[in-house]
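S.K.: build me a model from this:
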Amino acid sequence: QTSNMSDNENDDLELDAAEEQRLKASIHAAVGEMVFRFGSQENAQFSKGFVAALSELTFRQFGVAAVDLEAFARHAKRTTIGADDVMLLARRKGDVTRALQSMEESLNATDAANKVKRARKSTAAAAAGPAT
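M.R.: Sure, this is the predicted structure:
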């Protein structure tokens, strides 16, 4: 996935109150689900306050990451944030870097397989001739 940056950095980073609340609610739901699953596996319980605090921390950390990603792309004189920027962001987190590299390899393999399929379809269609 890529993200285009605007000329005014603050326009992209500032959310109106309704957007921020929707985003926070989505993050809270996802964090809550992950905490619930982890708690079920580890036979542990977590308070609602813990989930709320972890959700807020996650929201703020995403904001920091967004600013960093934009800075990386801007430094490279690009207007699009790409996978290389994400890899740079994760460079000090070995497990995250390995997971991202694995995901990137999987996506590249899928893209290559899809290109082969499209090429075969195109070749077959050309060999069949014009449709009547």
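
S.K.: could you report the neighbour count for residue 67?
M.R.: Using other Cβ atoms under 10 Å, residue 67 has 13 other residues around it. Glycine gets a C-beta too; all of them are placed from N, C-alpha and C.

S.K.: and it, how close does it get to residue 36?
M.R.: According to Cβ to Cβ, to the nearest Å, residue 67 stands 30 Å off from residue 36.

S.K.: and residue 115, by the same measure?
M.R.: Residue 115 is 40 Å from residue 36, where distance means Cβ to Cβ.

S.K.: same question for residue 42.
M.R.: Residue 42 is 11 Å from residue 36, by Cβ to Cβ.

S.K.: who has more neighbours, those two?
M.R.: Counted by other Cβ under 10 Å, residue 42 and residue 36 do not tie: residue 36 has more neighbours, with 13 against 8.

S.K.: host element of the more buried one?
M.R.: helix 17-42 (DSSP states H and E).

S.K.: now do the buried residues in whichever helix or strand comes after that helix.
M.R.: As assigned by DSSP H and E, the chain's next helix or strand after helix 17-42 is helix 48-75. Neighbour-count burial for helix 48-75 flags 51, 54-55, 58-59, 69-70, 72-73 (criterion: 16 or more other Cβ atoms under 10 Å).

S.K.: got CSV for those residues, with distance to residue 108 too?
M.R.: Listed next are the buried residues of helix 48-75 as CSV, based on distance: Cβ to Cβ, whole Å:
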residue, distance to residue 108
51, 36
54, 33
55, 33
58, 28
59, 31
69, 20
70, 25
72, 21
73, 20
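
S.K.: residue 22: which of these is nearest?
M.R.: Nearest to residue 22, judged by Cβ to Cβ, of these is residue 59 at 11.6 Å.

S.K.: much appreciated, bye for now.
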